[in-house]
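*Asks:* coords please:
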Amino acid sequence: MAVASFIGGSILVIRRIELDRFVALARTATAAAAIALSAIVAITSAWLAGCFLVVFVLAGCLGFRVDQG
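*Replies:* Residues are numbered from 1 along each chain as shown. Below you'll find the predicted structure:
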């Protein structure tokens, strides 16, 4: 009976370690995904800002003006 109890306890400990590893892996994956998403948003924002800058510079070079007043 003691042997069965020991084996059962060992299995529970091993499963707990596996669960802890899985949780740690999930947290790491979530953090990596958040960093990747932040990088994509930053790159997209910079790209859009560059596009607007090019459009405004070209518009200025072509003589388009915004009337004030």
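*Asks:* from here on, contacts and neighbour counts on C-alpha atoms
*Replies:* Noted.
*Asks:* where does the protein have low pLDDT?
*Replies:* 1-14, 66-69 (pLDDT under 70).
*Asks:* Check the offset of the host helix or strand of residue 21 from the chain's centre.
*Replies:* Assigned by DSSP states H and E, residue 21 belongs to helix 2-61. Relative to its chain's centre, helix 2-61 lies at 5 Å (Cα atoms, centre = their mean, to the nearest Å).
*Asks:* Who are the packing partners of it?
*Replies:* Using 3 or more Cα pairs under 8 Å, 6 or more residues apart in numbering; DSSP states H and E as the contact criterion, helix 2-61 has no neighbours among helices and strands.
*Asks:* For stretch 38-56, output the C-alpha coordinates as PDB.
*Replies:* Provided in PDB are the C-alpha atoms of stretch 38-56 (Å, rounded to 0.1, in the frame of the first residue of the first chain):
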ATOM      1  CA  SER A  38       4.000  45.900 -30.300                       C
ATOM      2  CA  ALA A  39       6.700  45.800 -32.900                       C
ATOM      3  CA  ILE A  40       4.200  45.400 -35.700                       C
ATOM      4  CA  VAL A  41       2.200  48.400 -34.400                       C
ATOM      5  CA  ALA A  42       5.300  50.500 -34.100                       C
ATOM      6  CA  ILE A  43       6.500  49.600 -37.600                       C
ATOM      7  CA  THR A  44       3.100  50.200 -39.100                       C
ATOM      8  CA  SER A  45       2.800  53.600 -37.300                       C
ATOM      9  CA  ALA A  46       6.200  54.700 -38.500                       C
ATOM     10  CA  TRP A  47       5.400  53.500 -42.100                       C
ATOM     11  CA  LEU A  48       2.100  55.500 -42.100                       C
ATOM     12  CA  ALA A  49       3.800  58.600 -40.700                       C
ATOM     13  CA  GLY A  50       6.400  58.200 -43.500                       C
ATOM     14  CA  CYS A  51       3.700  57.900 -46.100                       C
ATOM     15  CA  PHE A  52       1.900  61.100 -44.800                       C
ATOM     16  CA  LEU A  53       5.300  62.900 -44.800                       C
ATOM     17  CA  VAL A  54       6.000  61.900 -48.400                       C
ATOM     18  CA  VAL A  55       2.400  62.900 -49.500                       C
ATOM     19  CA  PHE A  56       2.700  66.300 -47.800                       C
END
